[in-house]
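Colleague: need a structure here:
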Amino acid sequence: MSDGFDTCPSIAPFLGYMGVMASIVFANVGAAAGTAKAGVGIMKAGIKTPEQIWRNLIPVVMAGVNGIYGLITAIILVGAIMRPDVNTSENKYSLYTGAAHLSAGLCCGLSGLGSGFCIGIAGDAAVQACGAFDVDVKNAAKNRGKGGFGRADKKKAGGGDKLFVSMVLIQVFAGNIALYGLIASIILSQQVFYCGDE
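Modeller: Coordinates of the predicted model:
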């Protein structure tokens, strides 16, 4: 290119590999943080309501999906990074492509990081709320004794259904943040220009 500007400098693949690193590392940090935060809440709620443990694992599953998004992006980016020519040692991977791949990695990774924190914090509060509701229902049933308020006792046998549905919706929308980052990263990863293709 004119003015001495190198379209395919040797530093260009570094940008691409930084995109790979950013996607997998940030997404996994978000997944780990979300799992840790929600896991603490699940264990706390499980002390008094152990029958809800399996149902309350939704935040952990949702947080783990963020790591998968980062892995998907990393695989796509690694497959698009072109190594130098074996015979001429000429680099065909352009600065344009490297910048696009770095952006793709950051989009997916940072979206997964934010999503993971959101899932963990909201999930922690939700599972403890479901557990507290279930304990209150059990205590109220014991205080009433048998008979009398039969319909009220049958209202909820395993915990707060409405709270549980709310938790699921919150987790889905918190997980969507990472999904949007994945979609944007896939679009960005397709923005390529290789030297010699002009």
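Colleague: Just give me the residue closest to the centre of this protein.
Modeller: Taking CA atoms, centre = their mean, the centroid of the chain lies closest to Asn66, which sits 2.3 Å from it.
Colleague: Low-confidence bits of this structure, can you list those?
Modeller: 1-5, 145-160, 197-198 (pLDDT under 70).
Colleague: For it, which segments count as helices?
Modeller: Residue ranges of the helices in the chain, as given by DSSP state H, are 12-48, 58-80, 95-144, 150-154, 161-189.
Colleague: out of these, which comes closest to Asp6?
Modeller: Comparing the helices of the chain against Asp6 with CB to CB, the closest turns out to be helix 95-144 (7.6 Å). (C-beta placed from N, C-alpha, C; glycine too.)
Colleague: and the closest one, how far out from the chain's middle?
Modeller: Relative to its chain's centre, helix 95-144 lies at 9 Å (CA atoms, centre = their mean, to the nearest Å).
Colleague: just checking, what packs against that helix?
Modeller: When contacts are defined as 3 or more CB pairs under 8 Å, 6 or more residues apart in numbering; DSSP states H and E, helix 95-144 packs onto helix 12-48, helix 58-80, helix 150-154, helix 161-189.
Colleague: Give the closest residue to the residue nearest to the centre of the chain in space, chain neighbours not counted.
Modeller: Nearest residue to Asn66, sequence neighbours excluded (CB to CB, 6 or more residues apart in numbering): Gly112, at 4.0 Å.
Colleague: My guess is the residue nearest to the centre of the chain contacts Ala27. True?
Modeller: Yes - contact criterion CB atoms under 8 Å: Asn66 and Ala27 qualify, at 5.2 Å.
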